[in-house]
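Asks: Could you look at this predicted model? Sequence included:
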Amino acid sequence: MVELIVAEDYQRLSEQAAHIVARQIRNKPDSVIGFATGSTPLGLYRELVEMHRQGELSLAKVTTFNLDEYVGLSREHPQSYYRFMWENLFAHVDIEPDRIHFPAGLFTDGEAACEAYERELEAAGGIDLQILGIGANGHIGFNEPAESLTLSTHIVGLAEETRQANARFFENLAEVPREAITMGIGNIMNARAILLLASDKNKAEAVQSMLTGKVDPKVPASVLQLHPRVTVLVNAEVAAHLQT
Ligand code: PGA
C-alpha cells in the first residue's frame, strides 16, 4: 500500500521525513535503516543531525545499509557514496562505524562483492526502514529501467540519463562511472517499510507512473505498488503535476 503525503516545500518535506525516521529509531533503537544518496535526502540528513545535536535522537544502536555505490571509486573518492554519507550524516551523529554497511565499489570479484553484501543484509535481519529517492527515469537505487527486475545486489551499467544527471558532481561527463553496485529490487521490497522522497518537478512523471502506472520493470519504482508499507513524500511542486 502506498500512502502519498504532500509537504508544503522542501524544508517541510525534510522535517516530515526526519520525523518518520526518528520515530522508527525511537520505537526500535537498534533499527536497520537503509540510506540513500543524492540531493533529495540532504535536508532529511540535516534534520537528523540537528535532532542529534539537540539531544533528541541517538543513532548509537542503529545499523545502516546504503543502497548503492559507484564501481571503481575508492571510499575516499570525493564522489563516492561512502564519503557522501560520512560528510552529510555519519560524521555528525553517534553512529557506530562498524554498523555501517556499503556495497564495495572497488573489488576484484564483482560477484563475490555482491554476495558479501547479501550476506551482510541477511545477517542484520533485513531492513526496517528504507529511504529512497527516485530517478527521473523511475530508477530506485541504481535499478535502472530494464526488461526484467533484478532481485538481489548486482552490478549495473548506468543509464545514460543517470550519468548525465549525476555529471554535475564530477569534472565532466567522462568522469562519471559507467557502472554501479546496487541493492536489487528484492532487497528493497524486503524492507519492512519504505519512505520515498521526491522534491523536484522533473521527478513528477516518474512519481505518477510509480503511483498509478502499471507495474513495469521499465519503471522500476512501480513495483513499490506491491509493497505493504510505502510512504511517498513529495513537495507541493511535485504534487502540482500529479493526478491521483
Ligand atoms: P537525486 O537522485 O536525489 O539527486 O535527485 C535521486 C535518484 O536518482 O535516485
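Replies: That came through, no problem. Numbering: from 1, shown residues only.
Asks: Give me the helices and strands touching the worst-scoring helix or strand of the chain on mean pLDDT, please.
Replies: Lowest by mean pLDDT, DSSP states H and E among the helices and strands of the chain is helix 160-166, with a mean of 94. Packing partners of helix 160-166 (3 or more Cβ pairs under 8 Å, 6 or more residues apart in numbering; DSSP states H and E): none among the helices and strands. C-beta here means a position set from N, CA and C on the backbone, and glycine is covered the same way.
Asks: For the residue nearest to the spatial centre of the chain, what are phi and psi?
Replies: By Cα atoms, centre = their mean, the mean C-alpha position of the chain lies nearest to residue 36, the distance being 2.6 Å. Taking degrees, to the nearest 10, you get phi -120, psi 150 for the backbone angles of residue 36.
Asks: picking up where we left off before, give me the buried positions along the least confident helix or strand of the chain.
Replies: Buried residues in helix 160-166, counting neighbours by 16 or more other Cβ atoms under 10 Å, are found at 162-163, 165-166.
Asks: before we move on, back to that, mind listing what the residue nearest to the centre of the chain touches?
Replies: 66-67, 131-133, 141 (Cβ atoms under 8 Å, 6 or more residues apart in numbering).
Asks: One more: residue 158?
Replies: 142, 144, 166, 176-180.
Asks: possible to save those residues as TSV with distance to residue 89 and secondary structure?
Replies: Shown next, in TSV, are the contacts of residue 158 (distance: Cβ to Cβ, whole Å; DSSP: H, G, I helix; E, B strand; the rest coil):
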residue	distance to residue 89	secondary structure
142	20	coil
144	25	coil
166	19	helix
176	23	coil
177	22	coil
178	27	coil
179	25	strand
180	20	strand
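Asks: thinking again about what came up before, need the buried residues of helix 160-166 in JSON lines (columns: distance to the ligand).
Replies: Shown next, in JSON lines, are these (distance: Cβ to the nearest ligand atom, whole Å):
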{"residue": "162", "distance to the ligand": "7"}
{"residue": "163", "distance to the ligand": "11"}
{"residue": "165", "distance to the ligand": "6"}
{"residue": "166", "distance to the ligand": "8"}
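Asks: for the protein, what spans make up the helices?
Replies: With helices called from DSSP state H, the chain shows them at 10-27, 42-53, 81-88, 110-123, 160-166, 185-189, 204-212, 236-239.
Asks: Return the most buried member of these.
Replies: Among the helices of the chain, helix 185-189 has the highest mean neighbour count (mean count of other Cβ atoms under 10 Å), at a mean of 21.
Asks: Can that helix be said to contact the ligand?
Replies: No: against the ligand, helix 185-189 shows no contacts by Cβ under 6 Å from any ligand atom, the least distance being 11.7 Å.
Asks: Identify the residues contacting the residue nearest to residue 213 when sequence neighbours are not counted.
Replies: Spatial nearest neighbour of residue 213, chain neighbours left out: residue 222 (5.4 Å); criterion: Cβ to Cβ, 6 or more residues apart in numbering. Residue 222 sits next to 138, 209-210, 213-216 when contact means Cβ under 8 Å, 6+ apart.
Asks: tell me which of these is nearest to the ligand?
Replies: Nearest to the ligand out of these is residue 138 (Cβ to the nearest ligand atom; 9.6 Å).
Asks: Angles on the backbone of the closest one, please.
Replies: When read as degrees, to the nearest 10, the backbone of residue 138 gives phi 90, psi 10.
Asks: swap in residue 61?
Replies: Dihedral angles (degrees, to the nearest 10) for residue 61: phi -110, psi 0.
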